[in-house]
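got a sequence here, can you model it:
(one chain, ligands or ions: 3)
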Amino acid sequence: MLKPPFILSIAGGGSTYTPGIVKSLMVRLEDFPLAEIRLYDIDEARQSTIAPVVEKVIRDHSQNIKFTVTSDPQTAFSGAHFVFAQMRVGQYKMREQDEKIPLRHGVVGQETCGPGGLAYGLRTILPMVELIDLVERYADKRAWIVNYSNPAAIVAEGVRRLRPDARVLNICDMPVAAMRNMGAILGVDRHKLEVDYFGLNHFGWFTRVLVDGEDRLPQLREHIARFGLLTEDAAQTDPQHSDPSWVKTWRNIKPLMDHFPEYLPNPYLQYYLMPNEIVEHQDPNYTRANEVMNGREKKLFAAAQEYQRTGILPDAFHVGVHGAFIVDVACSLAFDLRQRHLVIVENKGAIANLPYDAMVEVPAYITASGPEPVRMGAVPLFHQTLLMQQLASEQLLVEATIEGSYEKALQAFTLNRTVPTMQHAKAILDEMIAANREYWPALQKAWENGRALKK
Ligand SMILES: NC(=O)c1ccc[n+]([C@@H]2O[C@H](COP(=O)([O-])OP(=O)(O)OC[C@H]3O[C@@H](n4cnc5c(N)ncnc54)[C@H](O)[C@@H]3O)[C@@H](O)[C@H]2O)c1
Ligand SMILES: O=P(O)(O)OC[C@H]1O[C@H](O[C@H]2[C@H](O)[C@@H](O)[C@@H](O)O[C@@H]2CO)[C@H](O)[C@@H](O)[C@@H]1O
Ligand SMILES: [Mn+2]
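Numbering: from 1, shown residues only. Ligands and ions are numbered 1, 2, ... in the order given. The predicted structure is shown next:
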């Protein structure tokens, strides 16, 4: 087992989440002792703007932790014990394209779902593999990569195919966020909830919500029928969700459960089960990417500049489940705690009627050797069929990325539930290829050599 104090590298150090994650680490130093924190990013300018804020957060808690900021992989990863990965390949400017191109065709525009998520996946798989190779080249051979980089479902499938033995644990904070909201509704701390859950990342369902052994899903069902998965005044969610788009996301659990009350759905299922209503409320000229660029990103970078000028750091970043969760998972990996967390793992029968090699999101006991998934059994035909369609779309997308296959990319887009026809799929894919020409060279070549000529 790895011995503390640890060297932790954050890949994507320029991320808007870095200060929040580092703050979450600082308040848990007794649980997760650190010798050094390193920031690594390919955008030096962006990272160097965030770095002073991060250093301030560290120095408010410790004078002993070494702090390193670099864009050199060897400096970033030599001897590292843990890597937190949170890259946004193409940054927000490409997220804006991911969201706006589908909306121009009347299709859901979303960061990780629908064509936007497929495009994001096409950009991210190979950079994620490159990061793994860099970490394996320089870091401690026992190092773990805990990955937040989205789209986590596609990234996890790409890593399974291209680096099956890599010590990577892909995670998502949405189920934990949902559990935070459940706790607020039930009046209990989220850590007291033990849940059963099955699905793919951003495409799953809670089947039980135990508090001291009693299933409180019935009580949640009654609340959700009135208010969605939020307290009545919506005050109990974290600031990250105060944006109107996020309040609506949580309120939309109501229509989902009005139709299918058996299980409590991940909020992302609204994009797949009520896409027309989503598109009706989305502004094709101002999407979530714009909200974040004018919100979270703008606020943090303005605060960083203010801090540089005055030495006073305004309140500019949020510390919530996002940071707390990755620290919980890292602690369980580091000290073999066997804590039960919802993580993304190879199925291997955990969901009995999904493919053995699917990358699924289920409860698992997190050990020093990695996650041990809990068997969720066979899921109902309705959920199995939805899952199989989504899984096929994601797996074909990964194959399209690896093979440079336009055909498989078109199949992946066509299979996605948010895309109504093959004509929509082709029109959106062709625009995505043009917008991503610097990120998808192989697909670009296939497109230019053949498909784009056929109208
Ligand atoms: N899994 C989850 O549940 C979850 C939750 C929140 C955020 N996220 C993800 O975390 C990531 C960061 O989100 P954000 O909003 O802070 O993005 P951001 O754009 O603010 O920061 C991402 C950083 O990654 C850097 N980057 C891009 N490509 C890189 C590469 N190849 N190597 C190193 N760094 C690279 C960028 O330069 C940027 O500084 C995104 O992928 C986002 O979707 C995931
Ligand atoms: O639109 P964004 O960039 O604000 O959020 C997109 C991410 O949304 C989820 O993460 C939430 C999380 O659920 C919430 O509790 C808090 O921590 O903020 C996060 C970011 O808003 C989702 O899990 C991620 O995959 C998305 O990237
Ligand atoms: Mn997520």
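
restricting to C-alpha, output stretch 314-324 in CSV.
Written as CSV, here are the backbone C-alpha positions of stretch 314-324 (Å, rounded to 0.1, in the frame of the first residue of the first chain):
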residue,chain,number,x,y,z
PRO,A,314,-13.0,37.3,-2.7
ASP,A,315,-15.4,34.4,-2.1
ALA,A,316,-15.2,32.9,-5.6
PHE,A,317,-15.4,29.2,-5.6
HIS,A,318,-17.6,26.5,-4.2
VAL,A,319,-16.7,23.7,-1.9
GLY,A,320,-19.3,21.0,-2.1
VAL,A,321,-19.8,17.3,-2.9
HIS,A,322,-17.6,17.6,-6.0
GLY,A,323,-14.5,18.0,-3.9
ALA,A,324,-15.6,16.0,-0.9
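
close to ligand 2, is it?
Yes: applying CB under 6 Å from any ligand atom, one finds stretch 314-324 touching ligand 2 at Gly320, Val321, His322. Where you see a C-beta, it was placed from the backbone N, CA and C, and this is true even at glycine.

quick one: contacts for Lys192?
Contacts for Lys192 (CB atoms under 8 Å, 6 or more residues apart in numbering) come out as Gly183, Val211, Asp212.

if we go to 6 Å?
Val211 (CB atoms under 6 Å, 6 or more residues apart in numbering).

quick one on the thing from earlier: I'd like the residues of stretch 314-324 next to ligand 2 laid out as JSON lines, including neighbour count and distance to Phe260.
Putting the residues of stretch 314-324 next to ligand 2 into JSON lines (neighbours: other CB atoms under 10 Å; distance: CB to CB, whole Å) gives the following:
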{"residue": "Gly320", "neighbour count": "19", "distance to Phe260": "29"}
{"residue": "Val321", "neighbour count": "23", "distance to Phe260": "26"}
{"residue": "His322", "neighbour count": "20", "distance to Phe260": "28"}
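
just the ones of these in helices?
If you go by DSSP state H, the residues of stretch 314-324 next to ligand 2 have Val321, His322 in helices.

and which of the residues of stretch 314-324 next to ligand 2 is nearest ligand 3?
Nearest to ligand 3 among the residues of stretch 314-324 next to ligand 2, counting by CB to the ion, is His322 at 9.4 Å.

in this structure the closest one contacts Cys172, no?
No: applying CB atoms under 6 Å as the test, His322 and Cys172 come out as separate, 10.1 Å apart.

now, which of the residues of stretch 314-324 next to ligand 2 sits nearest ligand 1?
His322 (5.7 Å; CB to the nearest ligand atom).

close to ligand 1, is stretch 180-188?
No: Stretch 180-188 is not in contact with ligand 1 by CB under 6 Å from any ligand atom; minimum separation 13.2 Å.

which parts of the stretch 301-450 of the chain sit against ligand 1?
His322.

and if you look at the stretch 1-150 of the chain?
By the rule CB under 6 Å from any ligand atom, the part of the stretch 1-150 of the chain lying against ligand 1 is 11-12, 14-17, 41-43, 46, 86-89, 91-92, 127, 148-150.

now tabulate the residues of stretch 314-324 next to ligand 2 in TSV and tack on pLDDT and distance to Gly311.
Listed next are the residues of stretch 314-324 next to ligand 2 as TSV, based on pLDDT from 0 to 100; distance: CB to CB, whole Å:
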residue	pLDDT	distance to Gly311
Gly320	90	26
Val321	94	30
His322	95	27
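
the nearest residue to Thr68 once chain neighbours are set aside: which element?
Counting by CB to CB, 6 or more residues apart in numbering, Arg38 is the residue found nearest to Thr68 once chain neighbours are left out, at 4.2 Å. Using DSSP states H and E, Arg38 falls within strand 34-40.

next SSE downstream of that strand?
helix 44-59.

buried set for that following helix?
By 16 or more other CB atoms under 10 Å, the buried positions in helix 44-59 come out as 46-58.

same check on stretch 36-44?
For stretch 36-44, a neighbour-count test (16+ other CB under 10 Å) marks Glu36, Ile37, Arg38, Leu39, Tyr40, Asp41 as buried.

same check, this time on stretch 439-453
For stretch 439-453, using 16+ other CB under 10 Å, the buried residues are Tyr439, Trp440, Ala442, Leu443, Gln444, Ala446, Trp447, Arg451.

once you drop chain neighbours, what's closest to the third one?
When the adjacent residues along the chain are set aside, Ala442 lies closest to Gly404, with 2.8 Å between them (CB to CB, 6+ apart).

which SS class is the residue in the chain that ligand 1 sits nearest to?
In the chain, no residue comes nearer to ligand 1 than Gly14, which is 2.7 Å away by CB to the nearest ligand atom. Of the three states, Gly14 takes coil under DSSP: H, G, I helix; E, B strand; the rest coil.

mind starting the numbering at 21 from now?
In the new count, where the first residue is 21, that last one comes out as Gly34.

that one and Arg66 touch, don't they?
Yes: Gly34 is within contact range of Arg66, at 3.6 Å (criterion: CB under 6 Å).

look at Ala454 and say how many residues are nearby.
14 (other CB atoms under 10 Å).

where exactly do the helices run in the stretch 221-370 of the chain?
237-247, 264-271, 273-279, 290-293, 295-301, 308-312, 318-330, 341-355 (DSSP state H, counting those that start in this stretch).

in JSON lines: these, plus distance to Asn84.
As requested, the helices of the stretch 221-370 of the chain are exported to JSON lines (distance: least, CB to CB, whole Å):
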{"stretch": "helix 237-247", "distance to Asn84": "44"}
{"stretch": "helix 264-271", "distance to Asn84": "38"}
{"stretch": "helix 273-279", "distance to Asn84": "45"}
{"stretch": "helix 290-293", "distance to Asn84": "46"}
{"stretch": "helix 295-301", "distance to Asn84": "49"}
{"stretch": "helix 308-312", "distance to Asn84": "34"}
{"stretch": "helix 318-330", "distance to Asn84": "22"}
{"stretch": "helix 341-355", "distance to Asn84": "19"}
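
lowest-confidence stretch among those helices?
Note on the helices of the stretch 221-370 of the chain: helix 264-271 shows the lowest mean pLDDT, a mean of 86.

contacting residues around it?
With CB under 6 Å, 6+ apart, helix 264-271 has contacts from Gly248, Leu249, Leu250, Ala254, Pro287, Arg308.
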